[in-house]
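*Asks:* For reference, the sequence and a predicted model appear below.
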Amino acid sequence: MRVLIGCEFSQIVTKAFRDKGHEAYSCDLLPTEGNPDWHYQCDIFDVINNEWDLAVFHPPCTYLCSSGMHWTRRGLRDPKLTEDAIEFVKVLLSANIPKIALENPIGCISTRIRKPDQIIQPWMFGHAESKATCLWLKGLPLLTPTNIIPKPLSGRWDNQTPSGQNKLGPSSERAKQRSRTYQGIAQAMAIQWS
(Lines give C-alpha, C1' and ligand atoms only; values in the text may rest on other atoms or scores of the structure.)
Protein backbone atom coordinates (compact mmCIF):
# COMPACT_ATOMS: atom_id res chain seq x y z
CA MET A 1 0.00 0.00 0.00
CA ARG A 2 0.94 3.64 -0.38
CA VAL A 3 0.73 5.06 3.12
CA LEU A 4 0.90 8.70 4.25
CA ILE A 5 1.71 9.42 7.88
CA GLY A 6 0.70 13.04 8.34
CA CYS A 7 2.19 15.37 10.95
CA GLU A 8 4.92 12.90 11.91
CA PHE A 9 8.58 13.92 12.17
CA SER A 10 9.78 10.89 14.19
CA GLN A 11 8.90 8.28 11.52
CA ILE A 12 7.92 5.75 14.21
CA VAL A 13 4.67 4.89 12.40
CA THR A 14 6.24 5.32 8.96
CA LYS A 15 8.99 2.83 9.78
CA ALA A 16 6.48 0.32 11.21
CA PHE A 17 4.64 0.32 7.86
CA ARG A 18 7.93 0.21 5.92
CA ASP A 19 8.97 -2.83 7.97
CA LYS A 20 5.80 -4.56 6.72
CA GLY A 21 6.72 -3.86 3.09
CA HIS A 22 4.56 -0.80 2.43
CA GLU A 23 5.56 2.35 0.57
CA ALA A 24 5.11 4.67 3.56
CA TYR A 25 6.07 8.34 3.85
CA SER A 26 5.92 10.80 6.69
CA CYS A 27 4.98 14.45 6.20
CA ASP A 28 5.62 17.30 8.62
CA LEU A 29 6.70 20.92 8.65
CA LEU A 30 9.65 19.75 10.77
CA PRO A 31 12.60 17.81 9.37
CA THR A 32 12.48 14.09 10.06
CA GLU A 33 14.52 12.25 12.67
CA GLY A 34 14.48 9.23 10.37
CA ASN A 35 15.15 8.60 6.69
CA PRO A 36 14.83 11.83 4.67
CA ASP A 37 14.06 9.78 1.52
CA TRP A 38 10.80 8.73 3.18
CA HIS A 39 9.82 12.24 4.35
CA TYR A 40 8.01 15.19 2.86
CA GLN A 41 8.99 18.32 4.75
CA CYS A 42 6.07 20.47 3.67
CA ASP A 43 2.45 21.34 4.31
CA ILE A 44 0.32 18.16 4.38
CA PHE A 45 -1.96 19.67 1.71
CA ASP A 46 0.96 19.68 -0.75
CA VAL A 47 0.89 15.84 -0.81
CA ILE A 48 -2.52 14.76 0.50
CA ASN A 49 -3.92 14.15 -3.01
CA ASN A 50 -1.03 11.92 -4.20
CA GLU A 51 -3.15 8.74 -4.51
CA TRP A 52 -2.68 7.21 -1.05
CA ASP A 53 -4.33 3.94 0.03
CA LEU A 54 -4.12 4.74 3.74
CA ALA A 55 -3.36 7.81 5.82
CA VAL A 56 -2.63 8.06 9.54
CA PHE A 57 -2.89 11.67 10.70
CA HIS A 58 -1.42 13.07 13.93
CA PRO A 59 -2.65 16.70 13.96
CA PRO A 60 -1.04 18.90 16.63
CA CYS A 61 -3.12 18.72 19.80
CA THR A 62 -2.11 22.07 21.34
CA TYR A 63 -5.42 23.78 20.56
CA LEU A 64 -7.60 20.63 20.59
CA CYS A 65 -6.86 18.64 23.75
CA SER A 66 -8.82 19.04 26.98
CA SER A 67 -5.66 19.64 28.99
CA GLY A 68 -4.92 22.81 27.02
CA MET A 69 -8.44 24.17 26.53
CA HIS A 70 -8.37 25.90 29.93
CA TRP A 71 -6.08 28.56 28.41
CA THR A 72 -8.78 29.41 25.87
CA ARG A 73 -11.64 29.29 28.37
CA ARG A 74 -9.76 31.64 30.71
CA GLY A 75 -9.26 34.15 27.89
CA LEU A 76 -5.49 33.60 27.77
CA ARG A 77 -5.47 32.25 24.21
CA ASP A 78 -7.23 33.34 21.03
CA PRO A 79 -10.25 31.02 20.43
CA LYS A 80 -9.58 31.29 16.68
CA LEU A 81 -6.58 28.97 17.19
CA THR A 82 -8.96 26.19 18.25
CA GLU A 83 -11.35 27.00 15.40
CA ASP A 84 -8.49 26.75 12.89
CA ALA A 85 -7.35 23.45 14.43
CA ILE A 86 -10.90 22.03 14.18
CA GLU A 87 -11.10 23.04 10.50
CA PHE A 88 -7.72 21.37 9.87
CA VAL A 89 -9.04 18.12 11.39
CA LYS A 90 -12.24 18.29 9.33
CA VAL A 91 -10.25 18.61 6.11
CA LEU A 92 -7.97 15.70 7.06
CA LEU A 93 -10.94 13.47 7.90
CA SER A 94 -12.64 14.30 4.59
CA ALA A 95 -9.56 13.61 2.45
CA ASN A 96 -10.12 11.47 -0.65
CA ILE A 97 -8.22 8.51 0.81
CA PRO A 98 -9.99 5.13 1.23
CA LYS A 99 -8.61 4.37 4.70
CA ILE A 100 -7.98 7.06 7.30
CA ALA A 101 -7.01 7.06 10.97
CA LEU A 102 -6.73 10.30 12.90
CA GLU A 103 -5.35 10.25 16.43
CA ASN A 104 -5.47 12.87 19.15
CA PRO A 105 -5.83 13.06 22.93
CA ILE A 106 -9.23 13.50 24.51
CA GLY A 107 -10.47 16.96 23.58
CA CYS A 108 -12.84 19.04 21.52
CA ILE A 109 -12.79 16.90 18.36
CA SER A 110 -15.15 14.58 20.26
CA THR A 111 -17.67 17.34 20.91
CA ARG A 112 -17.18 19.51 17.83
CA ILE A 113 -16.90 16.87 15.08
CA ARG A 114 -17.82 13.43 16.41
CA LYS A 115 -16.96 10.98 19.15
CA PRO A 116 -13.91 8.79 18.50
CA ASP A 117 -14.34 5.26 17.23
CA GLN A 118 -11.90 4.01 19.85
CA ILE A 119 -9.78 5.16 22.79
CA ILE A 120 -6.52 3.28 23.27
CA GLN A 121 -3.76 3.33 25.88
CA PRO A 122 -0.04 2.48 25.59
CA TRP A 123 -0.48 -0.20 28.28
CA MET A 124 -2.73 -2.10 25.82
CA PHE A 125 0.26 -2.45 23.47
CA GLY A 126 3.15 -3.40 25.74
CA HIS A 127 4.13 -0.08 27.37
CA ALA A 128 3.66 0.41 31.13
CA GLU A 129 2.47 3.96 30.54
CA SER A 130 -0.82 5.84 30.40
CA LYS A 131 -1.86 8.26 27.64
CA ALA A 132 -5.47 8.08 26.48
CA THR A 133 -5.46 8.40 22.69
CA CYS A 134 -8.60 8.74 20.61
CA LEU A 135 -8.86 7.24 17.13
CA TRP A 136 -11.27 8.43 14.45
CA LEU A 137 -11.40 5.80 11.71
CA LYS A 138 -12.60 5.56 8.12
CA GLY A 139 -12.47 2.17 6.36
CA LEU A 140 -10.34 0.65 9.14
CA PRO A 141 -11.09 -1.79 11.97
CA LEU A 142 -10.60 -0.97 15.63
CA LEU A 143 -7.13 -1.78 16.91
CA THR A 144 -6.98 -4.98 18.94
CA PRO A 145 -4.71 -4.79 22.01
CA THR A 146 -1.54 -6.82 21.51
CA ASN A 147 0.13 -6.95 24.94
CA ILE A 148 -1.88 -5.68 27.92
CA ILE A 149 0.31 -4.59 30.82
CA PRO A 150 -1.36 -4.74 34.27
CA LYS A 151 -1.36 -1.54 36.28
CA PRO A 152 1.61 -1.41 38.68
CA LEU A 153 0.94 -2.09 42.37
CA SER A 154 1.90 1.53 43.08
CA GLY A 155 -1.24 2.59 41.21
CA ARG A 156 0.84 4.80 38.89
CA TRP A 157 2.10 4.13 35.40
CA ASP A 158 5.79 4.62 34.58
CA ASN A 159 5.17 8.04 33.00
CA GLN A 160 3.18 9.46 35.94
CA THR A 161 4.11 11.51 38.99
CA PRO A 162 2.58 10.61 42.39
CA SER A 163 -0.27 13.04 41.61
CA GLY A 164 -0.96 11.31 38.29
CA GLN A 165 0.45 14.03 36.02
CA ASN A 166 2.87 13.31 33.20
CA LYS A 167 6.49 13.27 34.40
CA LEU A 168 7.72 15.44 31.54
CA GLY A 169 8.13 18.92 32.94
CA PRO A 170 7.83 22.13 30.94
CA SER A 171 10.55 22.49 28.31
CA SER A 172 11.05 23.48 24.69
CA GLU A 173 11.12 19.75 23.76
CA ARG A 174 8.06 18.63 25.74
CA ALA A 175 5.59 18.89 22.85
CA LYS A 176 7.86 16.87 20.55
CA GLN A 177 8.40 14.19 23.20
CA ARG A 178 4.69 13.91 23.99
CA SER A 179 3.76 13.68 20.29
CA ARG A 180 5.75 10.50 19.64
CA THR A 181 3.71 7.38 18.93
CA TYR A 182 4.51 4.39 21.14
CA GLN A 183 6.29 1.63 19.22
CA GLY A 184 3.74 -1.02 20.22
CA ILE A 185 0.88 1.11 18.89
CA ALA A 186 2.74 1.83 15.63
CA GLN A 187 3.39 -1.88 15.12
CA ALA A 188 -0.25 -2.74 15.80
CA MET A 189 -1.35 -0.14 13.22
CA ALA A 190 1.05 -1.52 10.60
CA ILE A 191 0.06 -5.14 11.18
CA GLN A 192 -3.68 -4.76 11.71
CA TRP A 193 -4.36 -2.05 9.14
CA SER A 194 -2.51 -3.73 6.29
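*Replies:* Looks like it arrived, so ask away.
*Asks:* average pLDDT for the helix ranked longest in the chain?
*Replies:* The residue-count maximum for a helix in the chain (DSSP state H) belongs to helix 79-93. On average, the pLDDT along helix 79-93 is 90.
*Asks:* What residues are bridge-paired with residue 119?
*Replies:* Residues in a beta bridge with residue 119, per DSSP bridges, are residue 134.
*Asks:* check contacts around it.
*Replies:* Neighbouring residues of residue 119 by C-beta atoms under 8 Å, 6 or more residues apart in numbering: 106, 132, 133, 134, 135. Where you see a C-beta, it was placed from the backbone N, CA and C, and this is true even at glycine.
*Asks:* one more time with 10 Å
*Replies:* For residue 119, the contacting residues are 105, 106, 110, 132, 133, 134, 135, by C-beta atoms under 10 Å, 6 or more residues apart in numbering.
*Asks:* got the residue ranges for the helices in the chain?
*Replies:* With DSSP H as the criterion, the chain has helices at 12-19, 66-73, 79-93, 109-112, 174-179, 183-192.
*Asks:* sorry, back to before: list the buried ones in the longest helix of the chain?
*Replies:* Within helix 79-93, the residues scored as buried using 16 or more other C-beta atoms under 10 Å are 82, 85, 86, 88, 89, 92, 93.
*Asks:* from what I can see residue 102 touches residue 61, true?
*Replies:* No - with contact defined as C-beta atoms under 10 Å, residue 102 does not count as touching residue 61 (11.2 Å).
*Asks:* Could you name every residue contacting both of these two?
*Replies:* 7, 109.
*Asks:* and residue 31, backbone torsions?
*Replies:* phi -70, psi 150 (degrees, to the nearest 10).
*Asks:* Residue 41 is in contact with that one, correct?
*Replies:* Yes - the pair residue 31 and residue 41 qualifies as a contact (C-beta under 10 Å) at a distance of 5.6 Å.
*Asks:* Nothing else from me, thank you.
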